[in-house]
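Asker: quick check, what structure comes out for this input:
(3 chains)
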Amino acid sequence: MNEFQPKIVAFCCYFCAYSAADLAGSMRLQYPPTVRMIEQPCSGRIDIQLILQAFEDGADGVYVAGCLEGDCHFLKGNFRAKLRVGQAKKVLDDVGIGGERVEMYNLSGSMGPRFAEVAHEMHERIKNLGPSPLNKTAASAPLPAAAGSE
Amino acid sequence: MIVAEQKSFDEISKMVESFDKVLILGCNECVTVCLAGGEKEVGVLATSLRLLRKQGDRPITTLEETVTRQCEWEYLDQIEKLAEEADCIISMACGVGVQYVAERFPDKWVIPALDTKCAGGSVKHGQWEERCGMCGECILHKTGGICPVARCSKRILNGPCGGSQNGKCEVKDVDCIWDQIYKRMMALGRMDQLLEIEPEKNWSKARDGGPRKLVREDVMIG
Amino acid sequence: MSENKSRLQTLFEQGEFVVTGEIGPPKGATGSGIREHAKHLKNCVDATNLTDNQTAIVRLSSIAAGLHVIQAGVEPIVQMTCRDRNRIAIQSDLLGAYSLGIKNLLCLSGDHQSFGNHPTAANVFDVDSIQLIRIVKRMKDEKVFACGEEIKSDEPRFFIGAVANPFADPFEVRVYRMEKKINAGAQFFQTQIIFDLERFDRWMELVRERGLHERAYIMAGVMPVKSAKVAAYMQKSVSGMIVPDEMVDRLKKAEDQKAEAVEICVEQIKQIMKIKGVKGVHIMAVGWEEIVPSIVEKVGLLPRPQIPGAALAAV
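Answerer: Residues are numbered from 1 along each chain as shown, chains lettered A, B, ... in the order given. Model prediction:
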């Protein structure tokens, strides 16, 4: 039997998480291939619709990674992202997909190991939750390369 | 503006249970500003409904549109084709918009997605408060520009009542508006005006007189 | 009898220090409890209030309760709030009440319905308490209904009461509003329950400064507080009321809290009687009516004065 391999979308801020991912790579740190990163100019670019769309397009889990609180390049983008992730959790609960499938993380560009740790953490969480209710029946459709980002 | 709040998703999804293709119609006026029924909320509601219905054996098709104003025929004329396609229309406007949509498309089932709350404004991000009671006869010149009809829990015209304490109303989480009226009138040196008894109000100009209607022949065309 | 005045009004005019009580009608269709309470109050108060769905909880009507009290030989002061009736219902009820022999009326705004057992009810507040006072006065003096239409005969001639809260904020505004009520037609006042005598004293000073004590009869509201527990509850949870810590402590330390409660209340009344401009005391002992006679006696206000030839209208 094939073990469930989740599809996780990570919306990563260019100024922190995206660089942290680079660093993790240069440090040769392993993290699960189930995480697909989408670069964002700021975590404040995230809105609830983008998160919902990722699920509609086949994601089993989504997380947003922004700068440490107080360190946002655009001052308040990561605080806004946090609120929007909160809104998305509520909607996902409402529609029966489950708010625990989406999360917000904060890290800095120098936190390569933390980036890998977050990826592991989310991978484990979604693996334990199983496939998104939308993916339970049919074999999961391939995830579009850049879901929702225009 | 008119302040409205979205109904719970559960309530909305139950109302559209028996429909397979819905038009979700936003309004670009008040409800956009109060983050209840603009283009963005239309998108989120549409996606939410699709996500829910995809999990069952009856997926739903959503058509999304947001018009300049739902309370005006000419903007509704523009969505005639879209309306025809749908089994039902979910209006994300205030109660006025919902009724305009229902009247404009008499053979369509129309569902309200919002609860219309009040005539008010945003006092800060994420907080809206009632300001006008729409009583039909403004008395703000007598109360320092602060409306007791809309903002006193008992719409008292000769306040404050005995329930006022430390600037708070006896009703939970409400400011005593008469406290504010007195403070403002004192600051403006107009306390004498408050000693005059405000007589019984003519509520016939308010909703109590029946539905209100304005006719102005001087601006009628054709 | 001169102009068919109420006993309450007559005593005020005679310069007596007046004592009133309070009865809360029951949540059931019987007058027996009311009559029982009235019996306790008979001969030790001059009249008793009948509350009007207090705290917005449905109870037997204050007017019907007034009639029960009359039948038990006590004079009623019927309370009328603006919460549940529009001006049509209010005036209709006033005609009815007066026709039953009720002569004293206390006009209030009424607690908001969100406090009561029907929080989803619509409220009315067609008129406010000051407008209500004005309506009652105009019915009496101008013989007109609120709309201006003449009352051709048998206009109700109530002795008009109002409430004042010396403890609500802002302090000065309370005196202004009291004056407004007098201007509207209020003839007597009952205050909110007083525990903080110092503040009441200061308030009375403002009242006297504006000469209001000469334009209306002011009664101070008092309440015997059964136990330290009740006092602590009121301190925390009842709005518009200031309960000093000393009072709570004193009750807590007492061996017999009930006896101490009576003692405190008696002391308060004695002090209140010394304040210039206070013409009576309103004892609110709802649920503990049987204690009122001993309080009134200990203060030295018994026996109550009799009015020659006055008998309550038996209906």
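
Asker: low-confidence ranges in chain A?
Answerer: Residues of chain A that meet the criterion pLDDT under 70 lie in A:1, A:137-150.

Asker: show me where chain B has helices.
Answerer: Along chain B, counting by DSSP state H, helices occupy B:9-15, B:30-33, B:39-54, B:73-77, B:80-85, B:95-104, B:148-151, B:177-187, B:191-195.

Asker: which one of the ones you listed lies closest to chain C?
Answerer: Chain C lies closest to helix B:177-187 among those, at 5.0 Å (Cβ to the nearest Cβ). Where C-beta positions appear, they are placed from N, C-alpha and C, glycine not excepted.

Asker: got the residues of chain B near chain A?
Answerer: When proximity is defined by Cβ under 8 Å from any Cβ of the partner chain, chain B lies next to chain A at B:8-10, B:40, B:43-44, B:47-48, B:50-52, B:54-55.

Asker: quick check: the farthest pair among those?
Answerer: Greatest spacing in the residues of chain B next to chain A, by Cβ to Cβ: B:40 and B:55 (23.7 Å).

Asker: which helix or strand in chain B has the lowest average pLDDT?
Answerer: Every helix and strand of chain B was ranked by mean pLDDT, DSSP states H and E. The lowest is helix B:191-195, at a mean of 91.

Asker: centre-most residue in chain A?
Answerer: By Cα atoms, centre = their mean, chain A has its centre lying nearest to residue A:63, at 2.2 Å.

Asker: nearest residue to it other than its sequence neighbours?
Answerer: residue A:103 (4.6 Å; Cβ to Cβ, 6 or more residues apart in numbering or on different chains).

Asker: next one: residue C:159
Answerer: Using Cβ to Cβ, 6+ apart and skipping the chain neighbours, the partner closest in space to residue C:159 is residue C:9 (4.3 Å).

Asker: that older thread, partner residues bridging the residue nearest to the centre of chain A?
Answerer: residue A:10, residue A:103 (DSSP bridges).

Asker: show me what contacts it?
Answerer: By Cβ atoms under 8 Å, 6 or more residues apart in numbering or on different chains, the contact set of residue A:63 is A:8, A:9, A:10, A:11, A:102, A:103, A:104, A:105, A:118, A:122.

Asker: output those in CSV; the columns should cover neighbour count.
Answerer: CSV is the format used below for those (neighbours: other Cβ atoms under 10 Å in any protein chain shown):
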residue, neighbour count
A:8, 25
A:9, 28
A:10, 24
A:11, 27
A:102, 27
A:103, 20
A:104, 20
A:105, 22
A:118, 24
A:122, 26
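
Asker: which part of the stretch 1-150 of chain C gets nearest to chain A, residue-wise?
Answerer: residue C:120 (25.6 Å).

Asker: and the residue of chain A closest to chain C?
Answerer: Nearest residue of chain A to chain C (Cβ to the nearest Cβ) works out as residue A:94 at 25.6 Å.

Asker: just the element for that residue, please.
Answerer: Per DSSP states H and E: residue A:94 is located in helix A:77-95.

Asker: relative to helix B:39-54, how tilted is that helix?
Answerer: When axes from the mean of the first three to the mean of the last three Cα atoms, to 10 degrees is applied, the directions of helix A:77-95 and helix B:39-54 differ by 40 degrees.

Asker: now what about helix A:77-95, what contacts it?
Answerer: The contact list for helix A:77-95, computed with Cβ under 8 Å, 6+ apart, reads A:13, A:42-48, A:51-52, A:55, A:62, A:64, A:66-69, A:71-72, A:98-104, A:106, B:8-10, B:44, B:48, B:51-52, B:55.

Asker: returning to what we had before: wait, isn't the residue nearest to residue A:63 in contact with residue A:122?
Answerer: Yes. Counting by Cβ atoms under 8 Å, residue A:103 does reach residue A:122; the two are 6.6 Å apart.

Asker: what touches both of the two?
Answerer: With Cβ under 8 Å, 6+ apart as the test, residue A:103 and residue A:122 both reach A:61, A:63.

Asker: so what's the residue nearest to residue A:63 up against?
Answerer: Here residue A:103 is in contact with A:61, A:62, A:63, A:64, A:85, A:122, A:125 (Cβ under 8 Å, 6+ apart).
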